[in-house]
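A.B. asks: here are the coordinates; sequence isn't available:
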DNA sequence: CGGTATTTGATATAGTTCATAACGATTATT
DNA sequence: AATAATCGTTATGAACTATATCAAATACCG
């Protein structure tokens, strides 16, 4: 638990390396997936895990999880909002958002400021450091993560995929 | 915690209803998602949660989670396999697969049989009841769940989506 | 105005999922 | 025969998700 043999270890920051399904010609002599491969939910989950894995790898130097990145992005795009608004937009429950913010704030990436007109709420703001980290993260995500996705899928497919996923997230 | 007002409650069997992001013209006056909507990982996760939600709804009468359904499917397609092989194929760690099997076995959907040639392994078999439940589940999934997906996306898009997700799960 | 209800951030808590280490029993290796 | 590897299992911990509840502050309403 203390050794860190390879540089790849640094990649699995919060969650350790995910279990790989099947096996690349290894030990199970390839079972039949059957209608499993036609199940959209199954493929969605598998793909999502892989994509998150790659995200963590690409953005590892900044030690940001997808969730943390999304918070920083949202704070940057929507200044002057409180915890409830940000959490709701991301589908995070307010109680769970507290610890998330604690972590970001302890790293001086954002700060809570008491609102002057409503002293219950905390207005969330990115710190200078938060803005700098976000800028670097955006570049890593665009140039390494999304670039690889576009390379694998092709630009047109990538766009089509995004559109379909958005439709699913909306109309479903 | 004891009342169950609506029939929809039965839907959220294992996990309670997931938090909805943003809000349908409700209280947060629509924050800007910004580049978040262009993040494939974000859209993937959102879509996956929705699809799983719908899966649970559709297959609620049989009380099967997506993971349980995938196990039954795999057992049916690959008879004579042991726990390690099934778990590996699904990307489930062996220790975590034990409780899953306990649950399925306690409902008489499958059974562990000691292998004759290797008395360490448990050969997994579907019971008659397991086969019957699987057959009913398949119909529900096809006629309600996947049917709705195809309706929302269109058949061609649905197929294209599956193909892209499979490619991501593989080459990533 | 004053009392009640609601909202906000927070705490405590519990359930689910995912991961690692280690063990006994069995089998493979040498 | 001795050692190593494998199988199912247990124990355990971390991360994520969900609910109930609280104090402080605000909104509502008679």
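C.D. replies: Here it is on my side, so go on. All of these numbers come straight from a predicted model, not from anything done at the bench.
A.B. asks: biggest helix in chain A, by residue count?
C.D. replies: Taking DSSP state H as the criterion, chain A has its longest helix at helix A:40-58.
A.B. asks: Pull out the buried residues from the helix or strand just after that one.
C.D. replies: Downstream of helix A:40-58, the next assigned helix or strand under DSSP states H and E is helix A:66-77. Residues of helix A:66-77 classed as buried by neighbour count (16 or more other CB atoms under 10 Å in any protein chain shown): A:66, A:67, A:68, A:69, A:70, A:71, A:72, A:73, A:74, A:75, A:76. C-beta coordinates here come from the backbone N, C-alpha and C atoms, glycine included.
A.B. asks: where along chain A do the helices fall?
C.D. replies: Listed in chain order, the helices of chain A (DSSP H) span A:40-58, A:66-77, A:83-90, A:94-106, A:128-140, A:147-153, A:155-171.
A.B. asks: so residue A:89 makes contact with residue B:34?
C.D. replies: No - under the criterion of CB atoms under 8 Å, residue A:89 is not in contact with residue B:34, lying 10.7 Å apart.
A.B. asks: where do the contact lists of the two overlap?
C.D. replies: Residues touching both residue A:89 and residue B:34 (CB atoms under 8 Å, 6 or more residues apart in numbering or on different chains): residue A:74.
A.B. asks: These two: which is more packed in?
C.D. replies: For residue A:89 versus residue B:34, neighbours defined as other CB atoms under 10 Å in any protein chain shown are more numerous around residue A:89 (22 against 14).
A.B. asks: okay, that one: pLDDT?
C.D. replies: The score at residue A:89 is 97. That number is its pLDDT.
A.B. asks: Skip the chain neighbours and tell me the closest residue to it.
C.D. replies: residue B:31 (4.5 Å; CB to CB, 6 or more residues apart in numbering or on different chains).
A.B. asks: Could you pull up the residues touching the residue minimising distance to the centre of chain A?
C.D. replies: In chain A, the residue lying closest to the centroid (CA atoms, centre = their mean) is residue A:66, at 1.5 Å. Residues counted as contacts of residue A:66 (CB under 8 Å, 6+ apart) are A:52, A:55, A:56, B:39, B:41, B:42, B:45.
A.B. asks: what's the closest of those residues to DNA strand C?
C.D. replies: Nearest to DNA strand C among the contacts of residue A:66: residue A:52, at 10.2 Å, using CB to the nearest atom of the strand.
A.B. asks: The closest one and residue B:42 touch, don't they?
C.D. replies: No - in this structure residue A:52 lies outside contact range of residue B:42 using CB under 8 Å: 9.9 Å.
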